[in-house]
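>>> could you look at this predicted model? Sequence included:
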Number of protein chains: 4
Amino acid sequence: MDSIITVITEEPQLKDPILIEGLPGVGNVGKLAAEHLLANIEAVKFADIYSKHFPPQVVLDEECVVNMVNNEVYYAKDVGGGKDLIILVGDYQGLTPEGQYELSNHVIQMCMGFNVKTVYTLGGYGVGKIVESPRVLGAVTSVDMKEGLEEHGVVFSSGEPGSGIVGASGLLLGLSKIYGIEAACLMGETSGYFVDPKGAEAVLRVLNSIIGLEMDMTELETKAEQVDQITSKIKDMETSQEPSREDLHYIG
Amino acid sequence: MDSIITVITEEPQLKDPILIEGLPGVGNVGKLAAEHLLANIEAVKFADIYSKHFPPQVVLDEECVVNMVNNEVYYAKDVGGGKDLIILVGDYQGLTPEGQYELSNHVIQMCMGFNVKTVYTLGGYGVGKIVESPRVLGAVTSVDMKEGLEEHGVVFSSGEPGSGIVGASGLLLGLSKIYGIEAACLMGETSGYFVDPKGAEAVLRVLNSIIGLEMDMTELETKAEQVDQITSKIKDMETSQEPSREDLHYIG
Amino acid sequence: MDSIITVITEEPQLKDPILIEGLPGVGNVGKLAAEHLLANIEAVKFADIYSKHFPPQVVLDEECVVNMVNNEVYYAKDVGGGKDLIILVGDYQGLTPEGQYELSNHVIQMCMGFNVKTVYTLGGYGVGKIVESPRVLGAVTSVDMKEGLEEHGVVFSSGEPGSGIVGASGLLLGLSKIYGIEAACLMGETSGYFVDPKGAEAVLRVLNSIIGLEMDMTELETKAEQVDQITSKIKDMETSQEPSREDLHYIG
Amino acid sequence: MDSIITVITEEPQLKDPILIEGLPGVGNVGKLAAEHLLANIEAVKFADIYSKHFPPQVVLDEECVVNMVNNEVYYAKDVGGGKDLIILVGDYQGLTPEGQYELSNHVIQMCMGFNVKTVYTLGGYGVGKIVESPRVLGAVTSVDMKEGLEEHGVVFSSGEPGSGIVGASGLLLGLSKIYGIEAACLMGETSGYFVDPKGAEAVLRVLNSIIGLEMDMTELETKAEQVDQITSKIKDMETSQEPSREDLHYIG
């Protein structure tokens, strides 16, 4: 069996498309942002990526119909300022380091087939405390990209994140650099303690500004408020009862 | 060494056979059901599947003759309503996610060689408490299959199992769907705390109804009663002494 | 890099040689027996087996000259009743299940190149308590071999070892069976708590009887007595102070 | 994706170059020594080694520009007594035993392409206590090399290190031996509790003597003094308060 099997249901004709990646990660910031984007543009799924580097299981839809664990690839034509997009989403990343490399390389090879010139990976930057107004930090494959991104609100802060970027959001940048594709990672600040729609909203606002898209953010904002309420309650409890910091881990 | 070595001792001529899988899993429900089926029809072993994804060991029979850990493939011709069957059993599944994918893919490729059109995987659905009358839940590769299966008593319940189906019983469905084979997983409810012949009996009754088979269930029923007696005793003990739930883990 | 690299320093001409395997395992019984055999016949190393399935390290000899971790293959011509032997020894087995399969398969393929007709793997059978007079249990690839081996003192006991045989001593039998080679595993009873020269002596006496070899056993006997003295002292301490059984683990 | 991808930016013409390896390890002695060497000769990076055996991540430079985790290969021409050098450095070794073998084999194959005749791997030898004047222990692929190295201060001490040499510093020697390349490992004594510039300095002094290089050691000496001051303080605390030995682990 091949390590990775891509089932392609349509061969879209795209003009120098931009790849946007939003897979699970810190605070699921990237995943939430990419899914909100998908839900608010006219996107069409054209490929399923299956792999023995994913967990060996199927998931069931509400009709009890199975789907093997996968990553999904969508396209959208002529969005925002006339851009074509390829959007990569899914519920899992590769289980092993080797699997992570194989999958990211597979995506980059696919991108080169579509003549992708720019890649944006979306992720979270865990800061270990509740963030009121999350910044969107950036990492790039070339120093030339920074000025353009700063105009859209991306913050470049030397030494953040100090530990580098782990997983698909990092490897897609690393491989893009090797293969001569411009790529940036947009990282929304997040506590890292729970799924964080506020971080996702911040990332998506920056991404939309870059691409020239406008979209309704109500759903992400509502989710963010719900999380805010829960965390506020916990903060109150902390102040009165001084429980251990560890409690926060149980929220998301 | 190839990842998987199949030693074929006979090349059966089969007419659009149905694959039935019963490997170890939750409550060993699928394994017990498939083994009871095998013991009650005229089935012939025609292939041994060896793999470096199995534990690196041999098992000994009562004569101290070794056999490398394997999965076994049987066929049965013209059973029940004139159906040909291929039955996959064994004491192990692949040790790693990658091994799970490789082995399930190997089986599906073999099935396609035999022109298999339908796959039934047998398994357990762990509910975490003793079940008096286990339902048989279903998962399918196509929504069209549901009505036919419901007529034989399969229950389709949205959100069950919520965690999907892990291992061969799931992957064989997922891969069947990709390769255009109709497949269903039949899951007998089980506590998940011990080997469960009652869940196996429930699954096998449904499967027999689907295939048009009748067979004596005495052996499974007897085993089920033995387990019932043990669990009843433990329940009594629980009521009087309130031991931890964990005790049940030690039974099976 | 190939998974396994065999560096062959001589191509011996051997007549239907017998393979004898003694790698590390329970009580190091097989390793001790094979090394004592090697030291007491005229054996010549003809191959080094290196593999990425071994630990990634070199060992140093007393001159500080390095050798990559390996298994070593020796031959001996015309020993005992005129038999040619191939002897496999080493300080490591494969680190992973996959590695175990790859290495054992590699050895069996090499054996077939030398027209090996018979394989004896040497090992220990851990019984969890001190054994005064260890039996040598047998496992075989064919029931026909049992009578001949029983004449040399091998005991075939249904259900022992109940857990099968793990590692090279088991897989070499399993693969031999698949490829049509006669093979037996000779397992010396051992506590399993420490390196056990007494178990090794028992195994080697049986093997020598089978091959028609005679050799001085003094060295193994002396080592066995030393271990006996240590364990006797511990037993005395146990009687007087009742320390935990666990203490015995620290000996070997 | 290939296991290892080497991006070569220049094809240097080198005359029988010497390979020097300094990757992370005990006390980071080898890495510190190789990096100090690099900083004090005119060395040019000519290759990046990427691999799915490294952690799946990118690191960021001070400009927030990413680089995929890698090993780097430099060359230097006509240094010291007219020698050409190839120097291998990096922040990671392979994550798995298999990865370690693959990467070391890759480096040795590359070396053979450059007609490398001699390899020096640099490492630390952890002795578990603070060392005032670290010896530089040696291990070699051939006993003939010892006398020459002893003239430069290398100590060959039978049984040290008793556990062999793990990782690239060991495997590069083992593979060199197989492929007929002369190789030695130079191991600076170190406590093993923290990053140890003193051990690195000792190793580099020996290496410089061998190659015929002279260089300013101030930077390593300064770092060594800083570490000395910290450990002295801790010793004082130990004497007065007798904290557990474990405290030392937290320094480096």
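Okay, I see it. Numbers count the residues shown, from 1 in each chain, chains lettered A, B, ... in the order given.
>>> CA only for contacts and neighbour counts going forward, please
Will do.
>>> can you give me the strands for the stretch 1-150 of chain A?
Assigned by DSSP state E, counting those that start in this stretch, the strands in the stretch 1-150 of chain A fall at A:4-8, A:18-22, A:44-51, A:57-60, A:66-68, A:71-79, A:83-90, A:118-126, A:136-140.
>>> in a markdown table, list the ones you listed along with mean pLDDT, mean neighbour count and distance to C:S104.
Converted to a markdown table, the strands of the stretch 1-150 of chain A look like this (pLDDT from 0 to 100; neighbours: other Cα atoms under 10 Å in any protein chain shown; distance: least, Cα to Cα, whole Å):
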| stretch | mean pLDDT | mean neighbour count | distance to C:S104 |
| --- | --- | --- | --- |
| strand A:4-8 | 95 | 15 | 29 |
| strand A:18-22 | 98 | 25 | 44 |
| strand A:44-51 | 98 | 19 | 29 |
| strand A:57-60 | 97 | 24 | 31 |
| strand A:66-68 | 97 | 25 | 34 |
| strand A:71-79 | 97 | 19 | 37 |
| strand A:83-90 | 97 | 22 | 40 |
| strand A:118-126 | 97 | 26 | 45 |
| strand A:136-140 | 98 | 28 | 48 |
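>>> so which of those comes closest to chain D?
Checking those against chain D by Cα to the nearest Cα gives strand A:136-140 as the closest, at 4.9 Å.
>>> export that closest one as CSV, just CAs?
The C-alpha coordinates for strand A:136-140 follow below in CSV (Å, rounded to 0.1, in the frame of the first residue of the first chain):
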residue,chain,number,x,y,z
VAL,A,136,-1.1,37.4,14.9
LEU,A,137,2.6,36.5,14.7
GLY,A,138,4.3,35.6,11.5
ALA,A,139,7.0,33.4,10.2
VAL,A,140,8.2,33.5,6.6
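>>> adding distance to C:V66, write the strands of the stretch 1-150 of chain A out as CSV.
Formatted as CSV, the strands of the stretch 1-150 of chain A follow (distance: least, Cα to Cα, whole Å):
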stretch, distance to C:V66
strand A:4-8, 40
strand A:18-22, 48
strand A:44-51, 41
strand A:57-60, 46
strand A:66-68, 49
strand A:71-79, 47
strand A:83-90, 48
strand A:118-126, 46
strand A:136-140, 44
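>>> OK, contacts around A:F54?
Applying Cα atoms under 8 Å, 6 or more residues apart in numbering or on different chains to A:F54 gives the contacts A:V69, A:N70, A:Y92, A:Q93, A:G94, A:L95, A:G99, B:P97.
>>> follow-up on the earlier one: so which of the strands of the stretch 1-150 of chain A comes closest to B:Y74?
Closest approach to B:Y74 among the strands of the stretch 1-150 of chain A (Cα to Cα): strand A:57-60, 24.9 Å.
>>> returning to that earlier point: output the strands of the stretch 1-150 of chain A in a markdown table; the columns should cover distance to chain D.
Listed next are these as a markdown table, based on distance: least, Cα to the nearest Cα, whole Å:
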| stretch | distance to chain D |
| --- | --- |
| strand A:4-8 | 11 |
| strand A:18-22 | 15 |
| strand A:44-51 | 14 |
| strand A:57-60 | 23 |
| strand A:66-68 | 23 |
| strand A:71-79 | 18 |
| strand A:83-90 | 18 |
| strand A:118-126 | 13 |
| strand A:136-140 | 5 |
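>>> can I have the buried ones of the contacts of A:F54 as a ChimeraX selection?
In ChimeraX, a selection of the buried entries from the contacts of A:F54 looks like this (16 or more other Cα atoms under 10 Å in any protein chain shown):
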select /A:69,70,93,94,99 /B:97
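>>> can you map out the helices along chain A?
A:29-39, A:97-113, A:145-150, A:168-179, A:197-211, A:218-241 (DSSP state H).
>>> so which elements touch the longest one?
Packed against helix A:218-241 by the contact rule (3 or more Cα pairs under 8 Å, 6 or more residues apart in numbering or on different chains; DSSP states H and E) you find helix A:197-211.
>>> so which bits of the helix it packs on are buried?
A:197-207, A:210-211.
>>> please produce CSV containing those residues, extended by distance to chain C.
Listed next are the buried residues of helix A:197-211 as CSV, based on distance: Cα to the nearest Cα, whole Å:
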residue, distance to chain C
A:P197, 42
A:K198, 44
A:G199, 42
A:A200, 41
A:E201, 45
A:A202, 45
A:V203, 43
A:L204, 44
A:R205, 48
A:V206, 46
A:L207, 43
A:I210, 45
A:I211, 45
